[in-house]
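Enquirer: using only what follows, build the 3D model:
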Amino acid sequence: MSLVSDSVPVAAMLLVAPGCPHCPQMKQTLHQLYDEGYLASLDIVDISIELEKAEKLSVRSVPWLALNTLELQGAHSESEIKYWLEQAMRQDGRQQLFDSLLEVGQIAQVEAMIRKKPDALSDLLVLFADPERQINVRIGASAVLESLQDSGILEEAINEILVYCQSPEVSTRIDACHVLSFVQHSAAVEALQLALNDSDPEVREVAEESLVEQAESGFV
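Expert: Residues are numbered from 1 along each chain as shown. Coordinates of the predicted model:
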């Protein structure tokens, strides 16, 4: 049965290179999935011929596979690719990918994807604010957010970040106050000042510490 959806077709792009030991199998698997109707389109790119495409996508190693907005690095089995095909057709597919990567410490890969596609920050924030997520995933999400300071991406998403300052979850409000310490925006300072009156003492403490960091950075 085909996985292709009329509303969310899955477009695949595979970057390969001569001498890559895993690329031939990935090519064969994807051609098979395309022939079976699992893919709406398939683009195989040899980066030894089209180097500019790899540079544009900031790809440094192959095989590299894109399924709609999802980016997968390295070799993957047919069953793994089918799983991510299903995720690529879901609205929360990128959240699931980030969750999977952060669980195994792939912080740099998540950061790189958000730098290329800043709208992906929304998917990261969901993980960051979810108290049910594994602690290493939430810590990883926080580390990615910190690594994005000075990128301008956090400032563009300030309103979205501020929502988490009003979360009913104390842990989320604490984490949000910490993130605001490196967001160079007047709204971040105002939110931290309001958090000084939070009902939870730890939230108030983190808000105070974050305001000190803002001052030390020269922003306040």
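
Enquirer: chain center to the one helix or strand residue 98 maps to, what's the gap?
Expert: Element membership for residue 98 (DSSP states H and E) is helix 93-103. Relative to the centre of its chain, helix 93-103 is centred 7 Å away, using CA atoms, centre = their mean, to the nearest Å.

Enquirer: helix/strand/coil for residue 15?
Expert: Secondary structure state of residue 15, per DSSP: H, G, I helix; E, B strand; the rest coil, is strand.

Enquirer: these two touch, right, it and residue 51?
Expert: No: counting by CB atoms under 8 Å, residue 15 does not reach residue 51; the two are 10.4 Å apart. Any C-beta I mention is one placed from the backbone N, CA and C, and that applies to glycine too.

Enquirer: neighbour count for the two, which is higher?
Expert: residue 15 (24 against 12; other CB atoms under 10 Å).

Enquirer: show me the beta-bridge partners of the nearest residue to that one once chain neighbours are set aside.
Expert: Once flanking residues are discounted, residue 15 sits nearest to residue 64: 4.3 Å by CB to CB, 6 or more residues apart in numbering. Beta-bridge pairing of residue 64 under DSSP bridges involves residue 15, residue 73.

Enquirer: dump the lowest-mean-pLDDT helix or strand in the chain to PDB, restricted to CA.
Expert: Each helix and strand of the chain was given a mean pLDDT (mean pLDDT, DSSP states H and E); the minimum falls on helix 51-56 at a mean of 92. Extracted as PDB, the C-alpha positions of helix 51-56 are listed here (Å, rounded to 0.1, in the frame of the first residue of the first chain):
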ATOM      1  CA  LEU A  51      29.000  20.300  -5.300                       C
ATOM      2  CA  GLU A  52      27.100  23.600  -5.000                       C
ATOM      3  CA  LYS A  53      24.000  21.800  -3.900                       C
ATOM      4  CA  ALA A  54      25.800  20.200  -1.000                       C
ATOM      5  CA  GLU A  55      27.300  23.600  -0.100                       C
ATOM      6  CA  LYS A  56      23.900  25.200  -0.200                       C
END
